[in-house]
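**Student:** Need a 3D model of the sequence below.
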Amino acid sequence: MELSKELFADYNCLTTAEGLLAAGMENINVTYDMYFREIPDKGGFAVMAGLEQLVDRLKNLSFDEKCIDSFRKQGFSEKFIEYFENFDFKCDVYAMPEGTPIFPNEPIVKVCGPAIQAQLIETLVLNTINHQTLIATKANRVFRSAMGRKVIESGARRAHGLSAAVDGARAAYIGGVSGTTFYPASQKHNIPVATVMGHGWVQLFDSEIEAFEVYLEEHGEDGMLLVDTYDTLDSGVKNAIQAFNEVLSPKGLRPAGIVIDSGDMTYLSKRARRMLDEAGFPDCDIYASNSLDEVLIKDMLNQGAKIDGFLVGEKLITSASAPVLDGVYKLCETEKDGVKLPAIMVSNNVNKITTPCSKRVWRLFDMETGKAVADVLTTADESVADEKTYSLFDPDFTWKRKTVDNFVAREMLVPVFKKGECIYESPSLEDIRIYCNEQVSSLWEEVVRFENPHRYYVDFSGKLWGIKQSLIEKIMRNSDAGDNQYV
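**Tutor:** Here you go, the predicted model:
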């Protein structure tokens with residue numbers, strides 16, 4: 001079964017659809033929010049990614065004969081079979097643009113439409129957005145730690161499968177990396193590809209110098225030499241300099257760079273830099289690789305490493321230090337016979353209490369500095385766009401209040417599908433990458449810093465906060481006396 005023709009769903013999504021059909025509830029409309037609860041690596045923000053792939057998958061959402069036959073073999077009802085034989089996607093979808101800095105507990109995707117369909121795509125929405133957002137967030141941390149130096153994504157060999165390698169490289173490019181070593185990702189997503197020598201190349205030749213010279217004859221000034229196969233300084237760098245002199249210099253070409261993949265790279269890079277400069281190659285870049293992440297990169301640069309770029313592999317493509325984005329997909333409103341009702345889930349685990357109502361997300365920017373002040377969640381019928389002053393209050397600590405003025409409010413959720421028809425055109429990947437960098441720059445340094453970042457506030461309108469509190473109180477009143485088990 002082709003993935004684009006197959007339902008990407010947990011089994012309970014199918015049984016729920018069958019149950020709704022059996023109960024005659026196929027005409028109930030609902031609204032679901034996707035949001036996440038915790039920022040990976042205890043950072044100050046995450047980076048939205050994966051929308052383009054979600055759009056493509058929803059546009060191609062259909063069920064071929066093989067899929068229908070599998071439903072029959074599973075024993076689903078004829079009413080269920082008929083529904084999916086005539087499936088017609090009818091949902092409205094809103095989402096934050098890719099590259100947007102995003103924060104916990106605010107909707108980043110909103111789905112409105114028939115209950116059967118909105119809950120049916122839960123797994124697809126979460127899988128697509130969770131993965132790419134996780135990798136884009138990690139990549140942005142690595143990119144910022146490099147302080148303007150190039151970062152090349154090189155983790156395909158240890159990615160969690162082919163699609164994770166391909167789409168992960170795309171997400172990493174959104175987050176700020178300069179390119180990838182993975183050819184399929186380069187071809188599919190138009191990402192700059194980097195050519196890097198392997199140790200096996202050097203070992204295939206009788207000598208390291210011969211390996212370098214043959215490689216440079218083939219790749220010219222694009223070839224980067226891996227210098228740590230035997231001895232980084234006494235063999236690798238010396239032979240690289242000799243190869244530059246014998247192959248490139250006579251042709252008027254300059255070397256692209258060398259790569260150090262092992263050892264104390266801070267020390268080795270300082271020594272290598274001195275050797276290259278003295279040999280007349282101050283423009284030859286030095287790259288470092290070997291299980292790097294933002295922590296190691298920061299440490300090396302703080303110690304004065306003479307490194308011009310980084311090849312970052314498995315710790316980026318798997319987000320090894322924080323391998324999960326805890327995105328969830330929760331019902332927040334129902335509509336039957338034209339009547340809309342807010343929906344809430346209340347739990348003993350306070351951070352699992354959901355926020356009711358179909359919502360809008362607004363980001364307030366200070367007009368003088370251009371910096372983001374806070375995000376505000378409102379009900380769907382409220383607007384902040386024309387407000388001259390606005391009173392912010394923390395939904396958890398309501399005595400914390402701040403009045404802001406001289407701001408502009410931008411609505412963050414943009415329409416993507418209307419009644420199942422795609423009305424969104426994704427920007428180019430390069431434009432998304434530029435947008436990401438611009439939007440991260442709109443955050444205060446206290447929010448962007450790695451250690452103990454300032455919490456960026458996601459506040460509620462008074463109306464939204466009041467609805468949520470009244471629903472919680474109603475559920476508590478209706479609970480049995482002494483019973484703390486709420487729905």
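**Student:** Report how many residues lie close to residue 258.
**Tutor:** For residue 258, the neighbour count with other CB atoms under 10 Å is 27. No exception for glycine: its C-beta is placed from N, CA and C like everyone else's.
**Student:** Which of the helices or strands spans it?
**Tutor:** Assigned by DSSP states H and E, residue 258 falls within strand 257-260.
**Student:** ok, residues contacting the following helix or strand past that strand?
**Tutor:** Note on strand 257-260: by DSSP H and E, the next helix or strand toward the C-terminus is helix 265-278. For helix 265-278, contacts defined as CB atoms under 8 Å, 6 or more residues apart in numbering pick out 227-228, 232-233, 237-238, 241, 258, 260, 282, 284, 286, 288, 290, 300, 303-307.
**Student:** Only the buried residues of helix 265-278, if you could.
**Tutor:** If you call a residue buried by 16 or more other CB atoms under 10 Å, then helix 265-278 has these buried ones: 265, 266, 268, 269, 270, 272, 273, 275, 276.
**Student:** same check, this time on stretch 339-356
**Tutor:** Along stretch 339-356, these residues count as buried under the neighbour rule (16+ other CB under 10 Å): 340, 342, 343, 344, 346, 353, 354, 355, 356.
**Student:** First-to-last residue distance for that stretch?
**Tutor:** 15 Å (CA to CA, to the nearest Å).
**Student:** for the record, mean pLDDT for it?
**Tutor:** Mean pLDDT, stretch 339-356: 93.
**Student:** now it, how far from the centre of its chain.
**Tutor:** How far stretch 339-356 lies from its chain's middle: 26 Å, per CA atoms, centre = their mean, to the nearest Å.
**Student:** And for stretch 137-155?
**Tutor:** That offset, for stretch 137-155, works out to 14 Å (CA atoms, centre = their mean).
**Student:** The helix or strand harbouring residue 119 packs against which elements?
**Tutor:** Secondary-structure assignment from DSSP H and E places residue 119 in helix 115-120. Applying 3 or more CB pairs under 8 Å, 6 or more residues apart in numbering; DSSP states H and E, we find helix 115-120 packed against helix 11-22, strand 29-36.
**Student:** just checking, next helix/strand downstream of that helix?
**Tutor:** Following helix 115-120 in sequence, per DSSP H and E, is helix 122-145.
**Student:** relative to helix 11-22, how tilted is that following helix?
**Tutor:** 140 degrees (axes from the mean of the first three to the mean of the last three CA atoms, to 10 degrees).
**Student:** now helix 122-145, how far from the chain's geometric center?
**Tutor:** Worked out by CA atoms, centre = their mean, helix 122-145 lies 2 Å from the chain centre.
**Student:** ok, now stretch 218-226?
**Tutor:** With CA atoms, centre = their mean, you get 32 Å for stretch 218-226.
**Student:** C-alpha coordinates for that stretch, CSV please?
**Tutor:** The C-alpha trace of stretch 218-226 is given here as CSV (Å, rounded to 0.1, in the frame of the first residue of the first chain):
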residue,chain,number,x,y,z
GLU,A,218,38.7,15.2,-9.1
HIS,A,219,37.0,17.8,-6.9
GLY,A,220,39.3,20.8,-7.2
GLU,A,221,38.6,23.7,-4.9
ASP,A,222,35.4,22.0,-3.7
GLY,A,223,37.2,19.1,-2.1
MET,A,224,37.6,19.0,1.6
LEU,A,225,40.3,16.7,3.0
LEU,A,226,39.8,14.5,6.0
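**Student:** Does residue 408 touch residue 368 like I think?
**Tutor:** No - when contacts are counted by CB atoms under 8 Å, residue 408 is not listed as touching residue 368 (10.8 Å).
**Student:** between the two, who's got more neighbours?
**Tutor:** Legend: neighbour count by other CB under 10 Å for residue 408 and residue 368, higher for residue 408 (12 against 8).
**Student:** how about the strands of the stretch 301-450 of the chain, start to end?
**Tutor:** 309-312, 327-336, 339-342, 359-366, 372-379, 389-393, 401-405, 407-411, 414-418, 421-422 (DSSP state E, counting those that start in this stretch).
**Student:** for the ones you listed, which one sits closest to residue 460?
**Tutor:** Proximity to residue 460 (CB to CB) singles out strand 372-379 among those, at 5.3 Å.
**Student:** relative to strand 359-366, how tilted is the closest one?
**Tutor:** Relative orientation of strand 372-379 versus strand 359-366 (the same axes, to 10 degrees): 160 degrees.
**Student:** So in that sheet, which strands flank strand 372-379, and in what orientation?
**Tutor:** strand 359-366 (antiparallel), strand 458-460 (parallel) (DSSP bridges).
**Student:** Output those strands in a markdown table, with mean pLDDT appended to each entry.
**Tutor:** Below are these laid out as a markdown table (pLDDT from 0 to 100):
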| stretch | mean pLDDT |
| --- | --- |
| strand 359-366 | 98 |
| strand 458-460 | 95 |
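**Student:** Select, out of those strands, the one closest to residue 38.
**Tutor:** strand 458-460 (13.2 Å).
**Student:** what ranges do the helices span in the stretch 101-250 of the chain?
**Tutor:** Using DSSP state H, counting those that start in this stretch, the helices of the stretch 101-250 of the chain run over 115-120, 122-145, 162-175, 183-189, 199-203, 208-219, 238-243.
**Student:** Any chance of those in TSV with mean neighbour count, distance to residue 464 and mean pLDDT as columns?
**Tutor:** Compiled in TSV, the helices of the stretch 101-250 of the chain are given as follows (neighbours: other CB atoms under 10 Å; distance: least, CB to CB, whole Å; pLDDT from 0 to 100):
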stretch	mean neighbour count	distance to residue 464	mean pLDDT
helix 115-120	22	21	96
helix 122-145	25	23	98
helix 162-175	25	30	97
helix 183-189	16	38	97
helix 199-203	14	58	97
helix 208-219	18	59	97
helix 238-243	22	62	98
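**Student:** Go through those and name the closest to residue 92.
**Tutor:** With CB to CB as the measure, helix 115-120 is the member of the helices of the stretch 101-250 of the chain nearest residue 92 (9.5 Å).
**Student:** Name the nearest residue to residue 378, ignoring sequence neighbours.
**Tutor:** Closest residue to residue 378 apart from its sequence neighbours, by CB to CB, 6 or more residues apart in numbering: residue 461 at 4.1 Å.
**Student:** if I pick the closest residue in space to residue 13 that isn't next to it in sequence, what's in contact with it?
**Tutor:** Residue nearest to residue 13 in three dimensions, not counting chain neighbours: residue 120, with 5.2 Å by CB to CB, 6+ apart. With contact taken as CB under 8 Å, 6+ apart, residue 120 is in contact with 7, 9, 13, 14, 16, 17.
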